[in-house]
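Student: Quick one, fold the following:
(2 chains)
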Amino acid sequence: MGGASRNEKRRKQEAADRRLAAAGIRPPQRRNRTPLVIVGVVLVVAVVIGIVVVVVQRSSGGTPPAYAAAVPTAVSGAVVSVGDGPVVVDVYEDYLCPICERFEERYGDEIAAAVNAGQITARFHTIAILDAATSPPGYSTRAANAALCAADAGVYPAYHHQLFAEQPAERSAGLTDQQLVQFGTQLGASGDFATCVTSGAHTDQVTAETAAAESNPALLTDGQFGTPTVAVGGQKIDLNDTSWLQAAIAR
Amino acid sequence: MNRGRALDVVGTLARLGLAAVWLVSGTLKAIDPDQTYVAVRAYDVLPPAGVEIVAALLPWVELAFGVLLLAGIGVRLVAVLSAGLLLVFVAGVTQAWARGLSIDCGCFGGGGVVAPGETAYVQELLRDAGFLLMAGWLIVRPRTLAALDERIGNTGRT
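Tutor: Residues are numbered from 1 along each chain as shown, chains lettered A, B, ... in the order given. Purely as a prediction, here's the structure:
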């Protein structure tokens, strides 16, 4: 609308108001829309910021991290080493821990890319500290055992991701042994994967690894061990720094 | 001080108090998005995609409410929206309590599943009731001191 026609419209409106006033009629006040518009604009800006932050931070977007087929995987006790790069990144995770699920979602792709590029060796320490947080207790250990069985069966990185993608809620019963077996079968687990899962073949190794991590001073904050914990070159790093992996590779 | 002036002061305190609540809670949620996700997930109400969306938007919507109340723009409207969001929080905490979940509300950062003996549902609900009271005052009587609404000709209906 041009200025001229706007003026024209206002002039007509004022003339109409004057006529109404002369007739003793007070027109109802027109509603001021400015506050409504400002509130709307501020809320839209807030929503856009929220969406942008998610899009920027989210890395894997729900798809499993793509590890190259040639990446070597080795199992030692309850530790699965993936890749053979010079920088050693130790990751301590409990499969029931919600922040570990966030960690996998956020950094899974980045870790896989660094492994594929031969920059890092990722050592996944299979920890069970939340056994008491399911009912009946023990899901952390069952899932940890199943993950090590998956490493034996040659489907580890994918199975590891799957356990987080299907993570049960704390205080629930957790996934059943049958479900844990089914995930491995779907991913093409070789050998006697089902027996390994149901018999708890790696339970003792998980318990030992958990005890070792909890008593390693380099992994504690205020004397407490928690998951996820990430150590580069054996020293715990601060995950609030979202560029921790680039920093680890660069140093 | 006459009565109207005194009521203006009470309203101003309610407005600034509610602004502070939203600014603090929004900031604490925005700086730790993973914790916010875990907190929202712990209510066990939404599917994963819904948790992701709520956790992403909630901190920024809270900050927007805080900024608008601090500036005093559309006070009545923002108070209505605030009350609506607070009622959603109350519903969330109540359903968690009723279903026997043991979670921290994550109202001011933190959140997630806690040990069964460490819940604080009564305190959380009382606190929300206090915030609802502030919002309620502003809905009934949005006139406050030093609000931008006066400058932009808001007659108190928005």
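Student: any low-confidence regions in the chain?
Tutor: With no chain named, the answer covers chain A. A:1-4, A:26-31, A:58-62 (pLDDT under 70).
Student: meant chain B, my bad for not saying
Tutor: Ranges of chain B meeting pLDDT under 70: B:1, B:155-157.
Student: switch the cut-off to 50
Tutor: Nowhere does chain B drop to pLDDT under 50.
Student: All the strands of it, residue numbers only.
Tutor: Secondary structure of chain B (DSSP state E): strands at B:103-104, B:112-113.
Student: quick one, which of these is nearest to chain A?
Tutor: strand B:112-113 (3.9 Å; CB to the nearest CB). The C-beta positions use only the backbone N, C-alpha and C, and glycine is treated the same way.
Student: same for that closest one, what does it pack against?
Tutor: Helices and strands touching strand B:112-113, by 3 or more CB pairs under 8 Å, 6 or more residues apart in numbering or on different chains; DSSP states H and E, are helix B:33-42, strand B:103-104.
Student: do you know which of those lies nearest A:S172?
Tutor: The minimum distance between A:S172 and the helices and strands packed on strand B:112-113 falls on helix B:33-42, with 11.6 Å, by CB to CB.
Student: The closest one and chain A, are they touching?
Tutor: Yes: judged by CB under 8 Å from any CB of the partner chain, helix B:33-42 comes into contact with chain A at B:33-35, B:37-38, B:41-42.
Student: host element of the residue in the stretch 151-251 of chain A that chain B sits nearest to?
Tutor: Using CB to the nearest CB, the single residue of the stretch 151-251 of chain A nearest to chain B is A:E170, 3.9 Å away. A:E170 belongs to no helix or strand when elements are defined using DSSP states H and E.
Student: That one reaches A:A133, doesn't it?
Tutor: Yes: using CB atoms under 8 Å, A:E170 is in contact with A:A133, at 4.6 Å.
Student: Those two: which is more packed in?
Tutor: A:E170 (25 against 20; other CB atoms under 10 Å in any protein chain shown).
Student: between the helices and strands packed on strand B:112-113, which one is nearest to B:V88?
Tutor: B:V88 sits nearest to helix B:33-42 of all these, at 11.6 Å, using CB to CB.
Student: Output the contacting helices and strands for that closest one.
Tutor: Looks like helix B:33-42 contacts helix A:34-57, helix A:98-116, helix B:3-30, helix B:48-71, strand B:103-104, strand B:112-113 (3+ CB pairs under 8 Å, 6+ apart).
Student: buried residues in the third one?
Tutor: It refers to helix B:3-30. Neighbour-count burial for helix B:3-30 flags B:8, B:11-12, B:14-16, B:18-19, B:21-30 (criterion: 16 or more other CB atoms under 10 Å in any protein chain shown).
Student: and what of the first one?
Tutor: Of the residues in helix A:34-57, those buried by neighbour count under the rule 16+ other CB under 10 Å are A:34-36, A:38-39, A:42-43, A:46, A:49-50, A:53-54.
Student: which of those residues come close to chain B?
Tutor: Among the buried residues of helix A:34-57, chain B is touched by A:34-36, A:38-39, A:42-43, A:46, A:49-50, A:53-54 when using CB under 8 Å from any CB.
Student: Now tabulate those in CSV and tack on distance to B:E150.
Tutor: Compiled in CSV, those are given as follows (distance: CB to CB, whole Å):
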residue, distance to B:E150
A:T34, 12
A:P35, 11
A:L36, 16
A:I38, 14
A:V39, 16
A:V42, 18
A:L43, 22
A:A46, 24
A:I49, 28
A:G50, 31
A:V53, 34
A:V54, 37
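Student: Give me the nearest residue to the most centrally placed residue in chain A, chain neighbours excluded.
Tutor: Residue closest to the mean C-alpha point of chain A, counted by CA atoms, centre = their mean, is A:R102 at 1.9 Å. Once flanking residues are discounted, A:R102 sits nearest to B:D34: 4.1 Å by CB to CB, 6 or more residues apart in numbering or on different chains.
Student: The one you found contacts A:I99, doesn't it?
Tutor: Yes: if you go by CB under 8 Å, B:D34 and A:I99 touch, sitting 5.9 Å apart.
Student: Any chance you could list residues touching both of the two?
Tutor: Taking CB atoms under 8 Å, 6 or more residues apart in numbering or on different chains as the contact rule, B:D34 and A:I99 have no neighbour in common.
Student: Checking my notes, A:V88 in a strand, right?
Tutor: Yes: A:V88 forms part of a strand when assessed by DSSP: H, G, I helix; E, B strand; the rest coil.
Student: can you pull up the bridge partners for it?
Tutor: On the basis of DSSP bridges, A:V88 is bridged to A:T121.
Student: I'd say A:Q167 and A:Y95 touch.
Tutor: Yes: between A:Q167 and A:Y95 there is a contact under CB under 8 Å: 6.9 Å.
Student: now the residues of helix B:33-42 next to chain A as TSV including neighbour count and distance to B:L145?
Tutor: Below are the residues of helix B:33-42 next to chain A laid out as TSV (neighbours: other CB atoms under 10 Å in any protein chain shown; distance: CB to CB, whole Å):
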residue	neighbour count	distance to B:L145
B:P33	19	36
B:D34	19	40
B:Q35	20	36
B:Y37	26	39
B:V38	25	40
B:R41	27	41
B:A42	25	40
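Student: Now do residue 150: how many residues are near it, please.
Tutor: Because you didn't say which chain, this covers chain A. By other CB under 10 Å, 27 other residues sit near A:A150.
Student: You answered for a different chain; I wanted chain B.
Tutor: Neighbour tally, B:E150, other CB under 10 Å: 14.
Student: for residue 133, what are its contacts?
Tutor: Using chain A. Taking CB under 8 Å, 6+ apart, one finds A:96, A:139-140, A:170-171, B:113 in contact with A:A133.
Student: my bad, the chain I had in mind was chain B
Tutor: Going by CB under 8 Å, 6+ apart, B:L133 touches B:A14.
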